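Trainee: structural data only, the sequence is not supplied:
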């Protein structure tokens with residue numbers, strides 16, 4: 001069974017930095033696109049950034065220039081480096097990976113459990 005385990009959230013002051021990690025465990029064939037999403041109280045979940053298996057990246061306008069998504073294919077891990085954090089970045093952050101379990105299986109999306117990021121003085 002595939003599991004995504006997130007880490008790295010916490011409380012940080014405005015202007016500070018955090019690095020989120022999301023590691024996939026279990027048995028699977030390959031990971032395709034990976035991404036980070038966030039959901040603030042009373043708001044819909046939104047895409048923050050995603051990255052293809054080849055390393056192409058895409059960012060929400062609100063985080064461009066401040067956040068960087070990366071992946072380590074050997075470790076089945078995706079990262080989100082968050083710099084110059086603002087109070088409006090406060091949310092629960094979720095990672096998502098599109099994973100193909102076997103050579104002949106259809107790829108499906110798997111989600112992490114979420115990690116809280118709070119930006120406050």
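Mentor: Yep, that arrived. These numbers were taken from a predicted model, which means no experiment stands behind them.
Trainee: for the spatially most central residue of the chain, give me its contacts.
Mentor: Centroid check for the chain by Cα atoms, centre = their mean gives residue 36 as the closest residue, at 2.8 Å. Residue 36 makes contact with 20, 22, 47-50, 69, 78, 80, 93-96, according to Cβ atoms under 8 Å, 6 or more residues apart in numbering. Every C-beta, even on glycine, is put in place using the N, C-alpha and C of the backbone.
Trainee: how about residue 73, phi and psi?
Mentor: phi -60, psi -30 (degrees, to the nearest 10).
Trainee: what about it, how many neighbours?
Mentor: A count of nearby residues for residue 73, using other Cβ atoms under 10 Å, gives 13.
Trainee: pretty sure it sits against residue 34.
Mentor: No. Residue 73 is beyond contact range of residue 34, at 9.9 Å (criterion: Cβ atoms under 8 Å).
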